[in-house]
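**Q** sequence and predicted structure below; questions after.
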Amino acid sequence: TAAAPLASLSPADLAAFRAQKQADYDALCARGLALDLTRGKPSSAQLDLSDGLLSLPTSTTDRSGADVRNYGGLEGLAELREIFAELLWVEPEQVVCGGNSSLTMMHQTIVDLLLWGGPGSERPWKDEPALKFVCPVPGYDRHFSMLADFGIEMVTVPMNADGPDVEAVRALVADDPSVKGLWIVPTYANPSGAVCSREVATELMSMPTAAPDFRVFWDNAYAFHHLTEDEAKSADALAIASGCGHPDRPLLFASTSKMTFAGAGVAVMAMSAANKAWFLKHLAMASIGPDKINHLRHVEFFGDADGVRAHMRRHRDIIAPKFEAVDAALTTGLGGLGIAEWSKPTGGYFVNLDVLDGTATRIIQLAKQAGIALTPAGASFPHGDDPRDRNIRLAPTFPPLEQVETAMAGVATCVALAAAESLS
Ligand code: PMP
């Protein structure tokens, strides 16, 4: 591998490099691969870890003696709420356990805010002259597509290694009452892997906002998804916010989608007493109660918060080698060339790859022709528009390790070829 930065090569050396990468690429295409690094899904080996769920629960009553097969219990099983309260550093009274999708709970929360407004609102959000959300980028594509679907304008700020750029957020929220919300993945962010520091969390919860009902959607989807023994502790957003006098600002979300079964887990919210009463009041119009059998199934399976932690270490053992394989392939193929930077996440589900400006679309097209499916360029930006066309989200959890190795070696070839083309 050439270690000299590509931009420093003479025209002749660059031409030779390009010819070599073209030959590598042609050989790659000739292999007829069919590999997929597009979505952050657990692999079947990870799903197997939770097969114990399939023969649970053994009981039909919860701790209070209520029959879980029947209606009722809108806020979810107390014993499951206790486990999540401990894990999320909140009080059990602040927790709601719902259905299988936290994304649905986020959607429902926004619908409720649009139709009725929430605690602190002057009017339903739909009656505001304009609605905007602050979106740290790169970020989670489904947050952005949901906002786009609601017609809510997205204003981007950079996502730094310690969370959203606080000064940029402050400037947006201070004077403009139409800025109603901010969406953040605070722990092992999708896709950058960044962990929001306590300092940044405190700024976000304390900063003055023109909107009296400004909300931080604190989507802690990867709170427990550590890849190393250096386990990040999420900032305790609810306690920080109430300490700052803004108890209703944060809405916490999490789920067991990447802990047990992605399609049949349990979603969780945690929030202030006022937010919870508001949320349950509207939820009561839509449901007589959640799937408490699934709640009890998860309680019996995990036992307690330590059971969750132990379970997550078993996930780590399966997926950490895949993240190491991504880093190894990129280092081997691209190290020293000065054409790419990538994250080395200590948790979560993604690797963030930044390439030369203007080459991400080309790389993804090259990879596709070689039989390697990558997430579309720009996916981590509102409306799919990465203004620098340089960001690529890699999701290595689903394919078997050998496929991750093969695919990533191929991706490195595509990155190098596209860079050589662009510099020629
Ligand atoms: N939030 C983030 C940041 C995610 O990455 C995902 C899954 N890709 C979700 C939420 C979806 O969660 P759920 O399955 O609970 O709807």
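**A** Received the coordinates, thanks. Note that the structure is a prediction, hence the values are computed from the model and not measured.

**Q** quick check: residues of the stretch 151-300 of the chain near the ligand?
**A** 185, 190, 219, 221, 255, 257, 267 (Cβ under 6 Å from any ligand atom). Yep, even glycine has a C-beta here, placed from its N, CA and C like the rest.

**Q** count of neighbours near the last one?
**A** Going back to what we said before, that points to Ala267. 23 (other Cβ atoms under 10 Å).

**Q** show me the contacts for it.
**A** 97-102, 104-105, 253-257 (Cβ atoms under 8 Å, 6 or more residues apart in numbering).

**Q** ok, Gly120 to the ligand distance?
**A** Gly120 sits 25 Å away from the ligand, going by Cβ to the nearest ligand atom, to the nearest Å.

**Q** which of the contacts of Ala267 fall in strands?
**A** In this view, these that belong to strands under DSSP state E are 97, 253-255.

**Q** for ChimeraX, what selects the buried ones among the contacts of Ala267?
**A** Entered in ChimeraX, the line below selects the buried ones among these, by 16 or more other Cβ atoms under 10 Å:
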select :97,98,99,100,101,102,105,253,254,255,256,257
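
**Q** closest one of the contacts of Ala267 to Leu28?
**A** Distance ranking of those against Leu28, using Cβ to Cβ, places Ser257 first at 33.4 Å.

**Q** which element is the residue nearest to that closest one when sequence neighbours are not counted on?
**A** Leaving aside its sequence neighbours, Ser257 sits nearest to Gly265 (Cβ to Cβ, 6 or more residues apart in numbering; 4.8 Å). Under the criterion of DSSP states H and E, Gly265 resides outside all helices and strands.

**Q** surely Gly265 touches Asn100?
**A** Yes: with contact defined as Cβ atoms under 8 Å, Gly265 reaches Asn100; the gap is 5.6 Å.

**Q** so what sits against both of the two?
**A** In contact with both Gly265 and Asn100: 255, 257, using Cβ under 8 Å, 6+ apart.

**Q** okay, buried residues for the one helix or strand Arg316 maps to please.
**A** Under the criterion of DSSP H and E, Arg316 resides in helix 305-334. Buried positions in helix 305-334, judged by neighbour count with 16+ other Cβ under 10 Å: 305, 308, 311-312, 315-316, 318-320, 322-327, 329-330, 333-334.

**Q** phi and psi next, for Ala418.
**A** phi -60, psi -40 (degrees, to the nearest 10).

**Q** residues contacting it?
**A** The contact partners of Ala418, by Cβ under 8 Å, 6+ apart, come to 355-356, 359, 362-363, 366.

**Q** mind doing that once more with 10 Å?
**A** By Cβ atoms under 10 Å, 6 or more residues apart in numbering, the residues touching Ala418 are 21, 25, 339, 355-356, 358-367.

**Q** out of the residues you listed, which end up buried?
**A** Buried members of the contacts of Ala418, counted by 16+ other Cβ under 10 Å: 21, 25, 339, 355-356, 359-364, 366-367.

**Q** quick one on the thing from earlier: turn the residues of the stretch 151-300 of the chain next to the ligand into TSV, columns for secondary structure and pLDDT.
**A** Listed next are these as TSV, based on DSSP: H, G, I helix; E, B strand; the rest coil; pLDDT from 0 to 100:
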residue	secondary structure	pLDDT
Val185	coil	98
Asn190	coil	94
Asp219	strand	98
Ala221	coil	97
Ser255	strand	98
Ser257	coil	98
Ala267	strand	98
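
**Q** poorly predicted segments of this structure, please.
**A** Low-confidence segments of the chain (pLDDT under 70): 1-3.

**Q** hmm, back to that, hmm, which two among the contacts of Ala418 are most spread apart?
**A** Spanning the widest gap among those are Tyr25 and Gly358, at 18.6 Å by Cβ to Cβ.

**Q** quick one, domains of this structure?
**A** 6-46+310-423, 62-303 (automatic domain parsing).

**Q** how much space is there between the residue of the chain most remote from its centre and the ligand?
**A** Here the centre of the chain is the reference, and by Cα atoms, centre = their mean the most remote residue is Ala12, at 43.5 Å. According to Cβ to the nearest ligand atom, Ala12 and the ligand sit 46 Å apart.

**Q** check whether Gln365 really touches Cys414, as I assumed.
**A** Yes: the pair Gln365 and Cys414 passes the contact test of Cβ atoms under 10 Å, sitting 8.7 Å apart.

**Q** name the residues contacting each of these two.
**A** Contact criterion Cβ under 10 Å, 6+ apart; residues shared by Gln365 and Cys414: Leu374.

**Q** mind listing what the residue nearest to Ser257 touches?
**A** Taking Cβ under 10 Å, 6+ apart, we find Gly265 in contact with 50, 53, 99-102, 255-259, 294, 298.

**Q** list phi and psi for it.
**A** phi -100, psi -160.

**Q** repeat for the one 4 residues further on
**A** Dihedral angles of Met269 (phi, psi; degrees, to the nearest 10) stand at phi -130, psi 150.

**Q** could you do Ala373 as well?
**A** Dihedral angles of Ala373 (phi, psi; degrees, to the nearest 10) stand at phi -80, psi 120.

**Q** which residue ranges of the stretch 1-150 of the chain form strands?
**A** Per DSSP state E, counting those that start in this stretch, the stretch 1-150 of the chain carries strands over the ranges 35-36, 95-97, 132-137.

**Q** leaving out sequence neighbours, find the closest residue to Arg309.
**A** According to Cβ to Cβ, 6+ apart, the nearest residue to Arg309 is Phe224 (6.9 Å).

**Q** run a quick check on the one you found versus Lys258, I expect a contact.
**A** Yes: counting by Cβ under 10 Å, Lys258 is a contact partner of Phe224 at 9.0 Å.

**Q** count of residues packed around Gly300?
**A** Just so we're on the same page, residue 300 is Glu rather than Gly. Applying other Cβ under 10 Å, we find 17 residues neighbouring Glu300.
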